[in-house]
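K.L.:
quick one, structure for this:
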Amino acid sequence: MEFNKVNFAVIKECFEGCDSKEAIFSIFQASACYVLDAELKVLKPDSLPPSLRSLPQTLSITNEKALVLILSLHALLKEYIAVGMQDENELAAKFPEEFPKKIKTFLFKMMREVAETSKMYLQDEFTSLPKLRDFDWRMDVKISSR
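P.N.:
Model prediction:
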């Protein structure tokens with residue numbers, strides 16, 4: 001399983017088997033947004049995050065295929081943030097010819113909706129100073145006389 005590779009066949013198969021656009025959007029949002037690469041690299045098929053635990057049952061797929069879907073959607077969103085926000089046609093050209101236009105259009109719509117907030121989240125995670133969790137202080141007073 002390659003980490004930053006988009007598996008279009010799995011995306012197509014899973015999204016064609018999905019009941020509604022709301023379900024597709026929730027799957028996309030849970031797997032592609034607000035997740036760091038470091039968190040995805042340690043994911044195992046049997047230990048999916050709580051928000052994605054029901055994914056295999058919802059789509060009637062295996063845990064392994066669910067993991068491939070999560071990695072693919074995350075890589076696709078990263079590619080959209082890097083390239084597609086400036087030129088969607090360049091990213092659209094990377095899709096296979098036989099990929100359904102309806103799913104592609106919906107994917108781009110979802111990516112447009114979440115790209116800006118995901119980009120800000122990723123930038124904040126990687127370019128900000130560590131957050132101050134606890135702060136203890138004291139004041140020492142020195143009094144002297146002549």
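K.L.:
what about residue 133, which SS state?
P.N.:
Per DSSP: H, G, I helix; E, B strand; the rest coil, the secondary structure class of residue 133 is coil.
K.L.:
contacting residues around it?
P.N.:
Listed by C-beta atoms under 8 Å, 6 or more residues apart in numbering, residue 133 has no contact partners. C-beta coordinates here come from the backbone N, C-alpha and C atoms, glycine included.
K.L.:
ok, it to residue 23 distance?
P.N.:
Residue 133 sits 37 Å away from residue 23, taking C-beta to C-beta, to the nearest Å as the criterion.
K.L.:
pLDDT weak spots in the chain?
P.N.:
For the chain, the stretches with pLDDT under 70 are 1-4, 32-43, 45-51, 84, 128-131.
K.L.:
any buried residues in the longest helix along the chain, and which?
P.N.:
In the chain, taking DSSP state H as the definition, the longest helix is helix 101-127. Neighbour counts over helix 101-127 (16 or more other C-beta atoms under 10 Å) mark 103, 104, 106, 107, 108, 110, 111, 114, 115, 118, 119, 122 as buried.
K.L.:
may I see these arranged in a markdown table, with distance to residue 57 as well?
P.N.:
Output for these, formatted as a markdown table (distance: C-beta to C-beta, whole Å):
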| residue | distance to residue 57 |
| --- | --- |
| 103 | 21 |
| 104 | 26 |
| 106 | 22 |
| 107 | 23 |
| 108 | 28 |
| 110 | 22 |
| 111 | 26 |
| 114 | 24 |
| 115 | 29 |
| 118 | 26 |
| 119 | 31 |
| 122 | 30 |
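K.L.:
what packs against the strand or helix carrying residue 66?
P.N.:
Assigned by DSSP states H and E, residue 66 belongs to helix 63-79. Packing partners of helix 63-79 (3 or more C-beta pairs under 8 Å, 6 or more residues apart in numbering; DSSP states H and E): helix 8-16, helix 21-32, helix 37-41, helix 55-59, helix 101-127.
K.L.:
dump those to CSV, plus distance to residue 139.
P.N.:
Formatted as CSV, those follow (distance: least, C-beta to C-beta, whole Å):
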stretch, distance to residue 139
helix 8-16, 59
helix 21-32, 48
helix 37-41, 40
helix 55-59, 54
helix 101-127, 33
